[in-house]
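> Give me the fold of what follows.
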Amino acid sequence: MAAGKQKRKRVSARVVEDEDYQLSYERVAGIDVAKASAVVCVRLPPEPGRDRRTSRIWEVTASVPEIGALAVELRSAGVQLVSMESTSDYWRVWFVVLEAAGLRVQLVNSAQAKNLPGRPKTGELDARWIARLTEMGLLRGSFVPPPQIRALRAYTRQLVHLTQDRTRYWQRLEKLLEDALCKLTAVVSGLAGSVSCREMIEAMIAGERDPQVLASCARGPMRGKRAALVQAFTGMAFGPQHAFTARSHLSMIDHLDAGIAALQARVRDHVAQIPAAWGVDADGSTGPDAGLGDDAAVLPAVARLAEIPGVSPGIAIGLIAGTGLDMRQFPTPAHLVSRAGMVPVANQSGPRKGRGKKGQGNSYARRLATQAGNGAAGTDTFPGERHRRGPAAARRRRVEESQLRRRPVHPGHRLAPAQRSRRPVHRPGPGPLRQARRHQPQGPRPQTAARSPRLGRHPHPPRGRLRPSARR
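Now for the predicted structure:
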């Protein structure tokens with residue numbers, strides 16, 4: 001083999017120790033989290049008589065007693081910061097136990113602590129890599145709310161899930177009516193929350209099939225749709241199987257309604273127990289019931305957020321659960337918006353077209369922010385005016401301006417819109433024998449050729465049937 005074609009020997013990746021001036025923390029720990037266990041790496045200053053920093057790596061079982069013993073050992077070693085990768089939900093037990101032990105813990109996004117190419121992928125090397133990035137201060141911790149906000153987040157997310165389940169049962173009930181050839185949903189905009197629809201379905205389950213009787217269950221404004229209701233119930237095939245399934249759906253809806261009402265009361269009570277959400281009275285006193293008077297110095301956190309157009313008290317509580325009450329976690333408003341996943345992000349190194357996709361962020365906070373924006377769109381406020389000047393309004397404005405800038409076209413031009421002829425259309429008379437059409441002269445009609453302003457030297461041919469030119 002020629003010397004120029006010899007295969008180059010691959011050099012394995014080597015770990016280069018950092019200088020002292022490059023370190024932000026002297027004693028750190030990195031944890032590579034898994035489901036049943038985790039690999040812990042502790043980086044400490046050099047031992048007496050040595051120049052290189054020491055690393056200790058071992059495996060710890062993911063249980064509360066083992067993690068508690070690890071916390072005691074980390075505190076005795078004087079660890080200043082513990083970093084762990086956000087792997088699914090397996091990080092929660094590590095974060096909670098170490099935080100409760102008094103250690104400073106930060107949760108790191110996987111994209112920042114990802115493995116580099118050229119390095120093998122093992123738990124020991126990943127834990128050491130996280131620890132080295134931590135001691136150099138190259139990792140940024142994710143936002144993890146305090147315990148009270150985490151409990152509120154669990155309540156509000158469960159409330160969202162119960163509401164979604166209730167909506168699913170209403171949708172299943174609507175499909176059931178369509179299967180029974182009942183077009184009630186074609187007359188009523190929605191089954192959920194309608195007392196009249198609930199009574200009609202209860203009567204159908206009880207065995208009533210008369211369209212007139214079912215339509216008489218209408219209440220309020222639905223009485224004006226009685227004729228349409230009779231037509232919707234006529235010819236339906238609501239059998240025993242439909243009655244059984246409808247009763248099951250309604251019982252689940254009632255159970256979810258009771259659960260949602262009880263959970264809403266628990267959420268309000270929990271918010272009232274958070275001191276950071278309390279208001280302040282005029283005399284400076286604070287408490288769960290403070291800040292509700294007309295002369296209050298500071299309103300409660302929920303009431304302050306509810307003053308924003310489009311934000312209801314329920315949405316305000318959900319936003320508190322998603323972002324917390326300590327705004328020092330977000331240096332600028334842009335960081336808070338990014339936390340909710342409402343800003344575009346660049347997920348590629350090359351050039352990209354458009355604004356890019358929005359980040360994931362907190363899906364619950366993004367949903368609540370979208371609901372608040374939709375609610376503020378119809379108000380006479382700055383958000384409402386901004387919505388009316390949005391992309392749709394700008395598109396309509398561009399169409400109107402383009403129509404005003406458009407150059408008028410000559411009526412005889414080939415691009416002119418088609419016009420209806422002013423000559424009367426010949427209609428044959430009644431009877432079996434129709435009169436023949438009158439003979440019309442074959443010569444051209446005395447008509448001036450129309451000229452186009454853009455085609456000045458090329459007059460249009462006369463209107464009528466084109467005839468072939470005579471042979472020479």
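> going forward, measure contacts and count neighbours with C-alpha atoms only.
Will do.
> Show me this structure divided up by domain.
The record's domain split for the chain, according to automatic domain parsing, is 20-135, 150-272, 276-344+359-384.
> gap between the two ends of the longest one?
It refers to domain 150-272. Start to finish, the residues bounding domain 150-272 are 15 Å apart (Cα to Cα, to the nearest Å).
> ditto for the shortest one
Using Cα to Cα, the gap from the first to the last residue of domain 276-344+359-384 comes to 31 Å.
> That one: how far from the chain's middle?
What separates the centre of domain 276-344+359-384 from the centre of its chain is 18 Å, taken as Cα atoms, centre = their mean, to the nearest Å.
> Could you do stretch 83-101 as well?
Per Cα atoms, centre = their mean, the displacement of stretch 83-101 from the mean C-alpha position of its chain is 27 Å.
> Can you give me the buried ones in it?
The neighbour-count check on stretch 83-101 (16 or more other Cα atoms under 10 Å) flags 83-87, 90-91, 94-95, 97-98, 101 as buried.
> again, but for stretch 208-223
Neighbour count says stretch 208-223 has 209, 211, 214-215, 217-218, 222 buried, by 16+ other Cα under 10 Å.
> got CSV for the residues you listed, with secondary structure, pLDDT and distance to residue 311 too?
Listed next are those as CSV, based on DSSP: H, G, I helix; E, B strand; the rest coil; pLDDT from 0 to 100; distance: Cα to Cα, whole Å:
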residue, secondary structure, pLDDT, distance to residue 311
209, coil, 91, 45
211, helix, 91, 43
214, helix, 91, 40
215, helix, 91, 38
217, coil, 90, 36
218, coil, 89, 34
222, helix, 87, 31
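> Show me which of those residues is closest to residue 112.
Looking at those and their distance to residue 112, the nearest is residue 222, at 58.2 Å (Cα to Cα).
> And the closest one, how far from residue 175?
Residue 222 is 21 Å from residue 175, where distance means Cα to Cα.
> ditto for residue 252
Residue 252 sits at a distance of 16 Å from residue 175 (criterion: Cα to Cα).
> now residue 68
53 Å.
> Same check on residue 379?
35 Å.
> likewise residue 364?
The gap separating residue 364 from residue 175 is 28 Å, by Cα to Cα.
> helices or strands up against the one helix or strand residue 264 maps to?
Applying DSSP states H and E as the criterion places residue 264 in helix 240-272. If contacts are counted by 3 or more Cα pairs under 8 Å, 6 or more residues apart in numbering; DSSP states H and E, helix 240-272 sits against helix 147-179, helix 195-206.
> Dump those to CSV, plus mean pLDDT and distance to residue 141.
Below are the helices and strands packed on helix 240-272 laid out as CSV (pLDDT from 0 to 100; distance: least, Cα to Cα, whole Å):
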stretch, mean pLDDT, distance to residue 141
helix 147-179, 93, 17
helix 195-206, 92, 50
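> could you dump those to a markdown table with distance to residue 290 and mean neighbour count?
Below are the helices and strands packed on helix 240-272 laid out as a markdown table (distance: least, Cα to Cα, whole Å; neighbours: other Cα atoms under 10 Å):
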| stretch | distance to residue 290 | mean neighbour count |
| --- | --- | --- |
| helix 147-179 | 20 | 17 |
| helix 195-206 | 38 | 18 |
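> From the buried residues of stretch 83-101, pick the one nearest residue 194.
Of all the buried residues of stretch 83-101, residue 90 has the smallest distance to residue 194: 43.6 Å, by Cα to Cα.
> dump the residue contacts of that closest one.
If you count contacts by Cα atoms under 8 Å, 6 or more residues apart in numbering, residue 90 has them with 33-35.
> again, but for residue 26
Contacts were defined as Cα under 8 Å, 6+ apart; by that measure residue 26 touches 43-45, 80, 135.
> okay, those residues in a markdown table with pLDDT, neighbour count and distance to residue 181 next?
Formatted as a markdown table, the entries for those read as follows, by pLDDT from 0 to 100; neighbours: other Cα atoms under 10 Å; distance: Cα to Cα, whole Å:
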| residue | pLDDT | neighbour count | distance to residue 181 |
| --- | --- | --- | --- |
| 43 | 90 | 23 | 71 |
| 44 | 89 | 20 | 74 |
| 45 | 87 | 16 | 78 |
| 80 | 91 | 16 | 69 |
| 135 | 88 | 25 | 69 |
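> Those residues: which two are farthest apart?
When the contacts of residue 26 are compared pair by pair using Cα to Cα, the farthest-apart members prove to be 45 and 80, with a separation of 12.3 Å.
> Could you tell me which residues touch both of the two?
Common neighbours of residue 45 and residue 80 are listed as 26-27 (criterion: Cα under 8 Å, 6+ apart).
> picking that back up, make CSV from the helices and strands packed on helix 240-272 and add distance to residue 312 to it.
Below are those laid out as CSV (distance: least, Cα to Cα, whole Å):
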stretch, distance to residue 312
helix 147-179, 14
helix 195-206, 25
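> Among the buried residues of stretch 208-223, which one sits closest to residue 233?
Taking Cα to Cα as the measure, residue 211 is the one of the buried residues of stretch 208-223 closest to residue 233, at 5.1 Å.
> hmm, back to that, looking at the buried residues of stretch 208-223, which two lie furthest apart in space?
Farthest pair in these (Cα to Cα) is 209 and 222. Separation: 19.2 Å.
> who touches stretch 156-168?
The contact list for stretch 156-168, computed with Cα under 8 Å, 6+ apart, reads 192, 252-253, 256-257, 259-260, 263-264, 267, 317-318, 321, 364.
> which residue ranges form the strands in the protein?
Ranges of strands in the chain, per DSSP state E, are 28-33, 37-44, 54-61, 81-85, 105-108, 279-280, 286-287.
> which outside residues touch the third one?
Outside strand 54-61, the residues within contact range by Cα under 8 Å, 6+ apart are 36-47, 66-67, 70, 124, 127-128.
> Also the fourth one?
Under the contact criterion Cα under 8 Å, 6+ apart, strand 81-85 has outside partners 25, 27-33, 91, 103-110, 113, 130-131, 134.
> picking that back up, now the buried members of the contacts of stretch 156-168.
Applying a neighbour-count criterion of 16+ other Cα under 10 Å, the buried members of the contacts of stretch 156-168 are 192, 252-253, 256, 260, 263, 267, 317-318, 321, 364.
> Adding pLDDT and distance to residue 401, write these out as CSV.
Formatted as CSV, the entries for these read as follows, by pLDDT from 0 to 100; distance: Cα to Cα, whole Å:
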residue, pLDDT, distance to residue 401
192, 87, 44
252, 95, 55
253, 95, 52
256, 95, 53
260, 95, 51
263, 94, 53
267, 93, 52
317, 91, 45
318, 89, 43
321, 89, 46
364, 83, 40
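> Check those residues against residue 281 and report the nearest one.
For residue 281, the closest of the buried ones among the contacts of stretch 156-168 turns out to be residue 317, at 21.2 Å, with distances computed as Cα to Cα.
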